[in-house]
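[1] Model the following, please.
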Amino acid sequence: MSSALTDLCRLPIVQAPMAGGASCPQLAAAVCEAGGLGFLAAGYKTADGMYQEIKQLRGLTSRPFGVNLFMPQPEYADAAAVDVYRNQLAGEAAWYETQLGDPDSGRDDGYDAKLAILVEDPVPLVSFTFGCPTRDVFDAFARVGTITVVTVTTPEEAQTAQWSGADAVCVQGIEAGGHQGTHRDNPETDGAGLGLLSLIAQVRETVQIPVVAAGGLMRGSQIAAVLAAGADAAQLGTAFLVCPESGANALHKQAMTNPLFTRTELTRAFSGRPARGLVNRFMREHGPYAPAAYPQVHHLTSGLRKAAAKAGDAQGMALWAGQGHRMSRDLAAGQLVEVLAAELAEAQAASAPAGEQGTRSGGQA
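    Model prediction:
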């Protein structure tokens, strides 16, 4: 089904915006040029840093792309709990010979400045994570022709996004790597998220706007499944993380298929918000004690994660990964899009009624 969203790209394949460096202009451009929708991640960047990446991407491709923003977070973190966690991490700082970060170095991620740039110099699509903007924000983007998408993890969040004026929702299942895009961070619901197929079905019965499906998708057959379930497009992150164009650390890429890392879990250890990553030493030792305090814990551990990467120690890094990480393929991003598209076409042809199969294969028996 065609919509303003799906008209942005030839294929229903979206490269997820992965904050922290993976979703760089080179990766987004390669995906766009291959017929998918590439994304830049503005999270953790300054407003100018975001703008410079947009300029770089525009120099690499003339095709439509998206930019993802993190919503400002409410100030409800328990300062005492953050201090306790800081003391627990003192040994890590000594081990890596670095300093712990300032947990109060910023909560809004430069949100207003980024909005101003994106309204003044519009991009084709802007998505939001960790909450839903006000109607004024959606109206401002509508006036400049920018399509808006809100990440949701429940039917209720999807309904809020539609009521507020979003053009589409990105439905994130519990299988997804990286941060869960919940609008409210409630420790009581940790790990209680819905699987992607169930979530798509429930959201489809709740809203009328287009749906992008995200969470553990690694093969074209899975894309076919979410499209059949009612999604308009599929968003893949972990699948693109290992591509040579990705800006992810080499250790992070290697860990996706390293037999030492056999499973993923949701953890607050690195950022204070639930995020799915490969289980390593840091997650095991500190995950059970990390407070619900985002982005305070993110700022606190930032130096540790960088020091671990510099030391070549994957056991101290945030190895974000979806549940399908073992299915990662070391392919160039454009080639991966082509392979996914071929797998998608094959899966759709196999599931089509007999009469349609002949038509799709050019009428051959």
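
[2] Can you pull out the low-pLDDT segments for the stretch 251-365 of the chain?
    355-365 (pLDDT under 70).

[3] Which stretches in it count as helices?
    Under the criterion DSSP state H, counting those that start in this stretch, the stretch 251-365 of the chain carries helices at the ranges 281-286, 296-310, 333-351, 354-360.

[4] so which of those comes closest to A16?
    Shortest distance between A16 and those, using C-beta to C-beta, is found for helix 333-351: 12.3 Å. Every C-beta, even on glycine, is put in place using the N, C-alpha and C of the backbone.

[5] what does the domain assignment say about the protein?
    When the chain is parsed with automatic domain parsing, its domains come out as 6-73+108-248+331-360, 77-107+259-322.

[6] ok so, going back, among the helices of the stretch 251-365 of the chain, which comes closest to A94?
    Nearest of the helices of the stretch 251-365 of the chain to A94, taken as C-beta to C-beta: helix 296-310 at 10.7 Å.

[7] and the next element down the chain from the particular helix or strand that has R58 in it?
    For R58, the enclosing helix or strand under DSSP states H and E is helix 47-60. Using DSSP H and E, the helix or strand that directly follows helix 47-60 along the chain is strand 65-70.

[8] which residues touch that next one?
    14, 17, 19, 23, 28-29, 32, 37-44, 50, 54, 57, 109, 111, 114-115, 118, 123-130, 149 (C-beta atoms under 8 Å, 6 or more residues apart in numbering).

[9] Could you tell me which of those residues belong to strands?
    V14, G38, F39, L40, A41, L125, V126, S127, F128, T129, V149 (DSSP state E).

[10] mind listing what's buried in the strand or helix carrying R86?
    Using DSSP H and E, R86 maps to helix 79-88. Neighbour-count burial for helix 79-88 flags A81, V82, Y85, R86 (criterion: 16 or more other C-beta atoms under 10 Å).

[11] residues in contact with the following helix or strand past it?
    Counting by DSSP H and E, the next helix or strand C-terminal to helix 79-88 is helix 90-96. Residues outside helix 90-96 that contact it (C-beta under 8 Å, 6+ apart): Q99, L100, F282, H286, G303, L304, A307, A308, A311, D313, G316.

[12] With adjacent residues omitted, what lies nearest to the fifth one?
    Taking C-beta to C-beta, 6 or more residues apart in numbering, and ignoring the residues beside it in sequence, G303 has T98 as its nearest neighbour in space, at 4.7 Å.

[13] Filter the contacts of helix 90-96 down to the buried ones and hand me the ChimeraX line.
    A single ChimeraX command selects the buried members of these (16+ other C-beta under 10 Å):
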select :100,282,286,303,304,307,308,311,313,316
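
[14] Quickly note the distance from the residue nearest to P155 when sequence neighbours are not counted to S246.
    Nearest residue to P155 in three dimensions, chain neighbours excluded: T206, at 4.1 Å (C-beta to C-beta, 6+ apart). Distance of T206 to S246, given as C-beta to C-beta, to the nearest Å: 34 Å.

[15] which one of the two has more residues nearby?
    For the pair T206 and S246, the greater number of neighbours falls to S246 (21 against 16), based on other C-beta atoms under 10 Å.

[16] and the more buried one, what element?
    S246 is part of no helix or strand, with elements assigned from DSSP H and E.
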